[in-house]
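In: A predicted structure for the sequence below; I have some questions about it.
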Amino acid sequence: MRNSKTAPMDMLHGPMLKNILVFALPLALGSILQQLFNAVDVAIVGRFASSEAMAAVGANSTVTLLLINLFVGLSVGSNVVIAQHIGREEYDKVGDAVHTSILLAIVGGVCLLVIGLIIARPLLSLMSTPDNILDMAVLYLRIYCIGMPFIMLYNFAAAILRSIGDTRRPLYCLLTGGVINAVLNIFFVIVLHMDVDGVAIATVISNVVSAFMALFFLMRSDELVRPHFRKLRFHRKEVGQILKIGVPAGVQSAVFCIANVVIQSSINTFGSNAIAGGTVASNFEYISYNLVNGFNAAVMTFVGQNLGAGDKKRCARAIALGMVSALVCTIALNTGIYLARDWVVGLFTKDAAVAKYAIERLRWVLLLHFMICSYEITGAAMRGLGKSLTPALLAIFGTCLFRIVYVGTVVVHFHVYKVLMWVYPFSWILTGAMTVIAFMIVWRHFKIDKTELT
């Protein structure tokens, strides 16, 4: 018998759009709030420390994503595997997947901590980080890496909660951690007159709080997904299933970040004002991505559960509603931000040279950011169906390899900031077209035989 303190969302019956919105919006809101609080890092260090300190924080944005995304991709595998077990009513296997996931988070986080400390300076030097901010950037990254085990623990715990439709309590974790981060930023930078070290320490403390809150909520969640520490171990079959779905997603994210590291290296050649301006604008891109990612996770989880239940028609409806909702919300959000561009950029910097670069990036990247829905939502649908390798390979080619080639050829010959920014929409068009075609082929030939799923 299952004892339920928080009943799972019923993804197999009832109104689809309402449940998708209830699932996606708290998740998106939580991530957006987290990004807004991270933006406070940039704003405070830019307004009360220096533009160089802000550039040092910004120079690390692609690096930190590179370090965590490979293992965070594994949490995608956990989400899908647990959702499919629930759809098939394989409740005994859910526990195996939960305990395997928690242990993966712990081991992965420790590995990232060690790797980050070792590669911080060589990697930032390889990225052509300007000498005037290199030492500050290295200090920020090394302190940030101390929080890696807690970042991983939060992400896996949140993925487990999402597998039963609970995106509300992960929101509470992010909101609490974000408030703590903002308050500590103000204290360390304004009161104690620290700069990047204060911002980094505040981030680590907030990640610790978020991780332990998520674990606490998971311990008090539905018995179906509640972990018991004495049962923590790797279950071979569950590891295999999680890796099959999670590794391609993680490799895609990691390679995607490598491409962005190449772009960041090119941005660095324009000087610290371009780095700082790009840092300001990229905060809004992360907000937009987090909004899409909420619907991405909803589609993946709804498809996973309904695949387990053998309901292809309901899978199709989840994909269509997720795509339309993501497009409408993203276009509305980004258009509003761009119309208020002078005001929002002014929140971060008083430097006209920095603002110029920020607005240029908003024009060519943020306004067209809705294009990512074409491959994010269809890719999530394929992962929900258990087809994780196809969208990963297409994204690696269309988004990652294309960007590296573009920067190494077009930008080398036309060393203009606007030309560099064009790499984003061009890569989105290419990746989106390939992924939509691939999804249509996969969907046309995909048959759900429930006897094979049980």
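Out: On my side now, so go ahead.

In: which regions of the chain sit below the pLDDT cut-off?
Out: By pLDDT under 70, the low-scoring segments of the chain are 1-11, 31, 34-39, 41-42, 46-47, 49, 62, 65-72, 448-454.

In: just the strands in it please.
Out: Counting by DSSP state E, the chain forms no strands at all.

In: residues touching R226, list them.
Out: Under the criterion of Cβ atoms under 8 Å, 6 or more residues apart in numbering, the neighbours of R226 are 98, 218-220. The way it works is simple: take the backbone N, C-alpha and C, and place the C-beta from them, glycine included.

In: Over to A158?
Out: Counting by Cβ under 8 Å, 6+ apart, the residues that A158 touches are 75, 170, 173, 214.

In: quick one: the last one and P170 touch, right?
Out: I take that to be A214. Yes: using Cβ atoms under 8 Å as the test, A214 is close enough to P170 to be in contact (6.3 Å).

In: and for those two, which residues touch both?
Out: When Cβ under 8 Å, 6+ apart defines a contact, the residues bordering A214 and P170 alike are 157-158, 161.

In: now these in a markdown table, with distance to M136?
Out: Below are the shared contacts of A214 and P170 laid out as a markdown table (distance: Cβ to Cβ, whole Å):
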| residue | distance to M136 |
| --- | --- |
| A157 | 32 |
| A158 | 31 |
| L161 | 36 |
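
In: In helices, which of those appear?
Out: Of the shared contacts of A214 and P170, the ones assigned to helices by DSSP state H are 157-158, 161.

In: and of the residues you listed, the nearest to N260?
Out: A158 (23.3 Å; Cβ to Cβ).

In: picking that back up, neighbour-wise, give me the winner out of the contacts of R226.
Out: For the contacts of R226, the largest number of neighbours (other Cβ atoms under 10 Å) sits with V98, at 29 neighbours.

In: The closest residue to T378 other than its chain neighbours: neighbouring residues, count only.
Out: The spatially closest residue to T378, leaving aside those adjacent along the chain, is F439, at 4.1 Å (Cβ to Cβ, 6 or more residues apart in numbering). For F439, the tally of surrounding residues (other Cβ under 10 Å) stands at 24.

In: what residues are up against F439?
Out: Residues near F439 by Cβ under 8 Å, 6+ apart: 378-379, 381-382, 391.

In: could I get the contacts of A158 as JSON lines with neighbour count and distance to A352?
Out: As requested, those are exported to JSON lines (neighbours: other Cβ atoms under 10 Å; distance: Cβ to Cβ, whole Å):
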{"residue": "S75", "neighbour count": "26", "distance to A352": "42"}
{"residue": "P170", "neighbour count": "26", "distance to A352": "39"}
{"residue": "C173", "neighbour count": "24", "distance to A352": "39"}
{"residue": "A214", "neighbour count": "26", "distance to A352": "42"}
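
In: need the residues you listed in JSON lines with distance to V251, can you?
Out: Supplementary listing: those in JSON lines, determined by distance: Cβ to Cβ, whole Å:
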{"residue": "S75", "distance to V251": "14"}
{"residue": "P170", "distance to V251": "24"}
{"residue": "C173", "distance to V251": "27"}
{"residue": "A214", "distance to V251": "25"}
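
In: Out of the residues you listed, which comes closest to E52?
Out: Scanning the contacts of A158 for proximity to E52, where the rule is Cβ to Cβ, the winner is C173, at 32.7 Å.

In: V81 contacts E238, doesn't it?
Out: Yes: counting by Cβ under 8 Å, V81 does reach E238; the two are 6.6 Å apart.

In: Can I get stretch 250-257 as PDB, trimmed to CA atoms?
Out: What follows is stretch 250-257, C-alpha atoms only, in PDB (Å, rounded to 0.1, in the frame of the first residue of the first chain):
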ATOM      1  CA  GLY A 250      23.900  15.400 -21.200                       C
ATOM      2  CA  VAL A 251      26.400  15.100 -24.100                       C
ATOM      3  CA  GLN A 252      24.200  17.400 -26.200                       C
ATOM      4  CA  SER A 253      24.200  20.000 -23.400                       C
ATOM      5  CA  ALA A 254      27.900  19.700 -22.800                       C
ATOM      6  CA  VAL A 255      28.800  19.900 -26.500                       C
ATOM      7  CA  PHE A 256      26.300  22.800 -26.800                       C
ATOM      8  CA  CYS A 257      28.300  24.500 -24.000                       C
END
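
In: Distance-wise, check F216 relative to S210.
Out: Distance, F216 to S210, using Cβ to Cβ, to the nearest Å: 11 Å.

In: and the two? which has more neighbours close in?
Out: More crowded of F216 and S210, by other Cβ under 10 Å: S210, with 30 against 13.

In: my guess is that one contacts T176, does it?
Out: Yes: checked against Cβ under 8 Å, the pair S210 and T176 is within contact range at 6.9 Å.

In: For the contacts of F439, which entry has the maximal number of neighbours?
Out: When neighbours are taken as other Cβ under 10 Å, the top entry among those is G379 (30 neighbours).

In: for that one, what are its contacts?
Out: For G379, the contact set (Cβ under 8 Å, 6+ apart) comprises 296, 391-392, 394-395, 435, 439.

In: Could you let me know which of those ends up closest to V412?
Out: Out of the contacts of G379, the one with the shortest distance to V412 is A395. That distance is 24.1 Å, counting by Cβ to Cβ.

In: ok, now which ones touch that closest one?
Out: 252, 256, 375, 379, 431, 435.

In: rerun that using 10 Å as the cut-off
Out: With Cβ atoms under 10 Å, 6 or more residues apart in numbering as the criterion, the residues that contact A395 are 248-249, 251-253, 255-256, 259, 375-376, 379, 401, 427, 431, 434-435.

In: could you measure it against M382, distance?
Out: To M382, A395 is 11 Å away according to Cβ to Cβ.

In: joint contacts of the two?
Out: Shared between the contact lists of A395 and M382 (criterion: Cβ under 10 Å, 6+ apart) are residues T435.

In: rewinding a little: any shared contact partners between V81 and E238?
Out: Residues touching both V81 and E238 by Cβ under 10 Å, 6+ apart: 93-94, 96-98, 100-101.

In: Need those in CSV (columns: distance to E360).
Out: What follows is the shared contacts of V81 and E238, written out as CSV (distance: Cβ to Cβ, whole Å):
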residue, distance to E360
K93, 51
V94, 49
D96, 51
A97, 46
V98, 46
T100, 46
S101, 42
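
In: from those, which single one is nearest K447?
Out: Nearest to K447 among the shared contacts of V81 and E238: K93, at 23.0 Å, using Cβ to Cβ.
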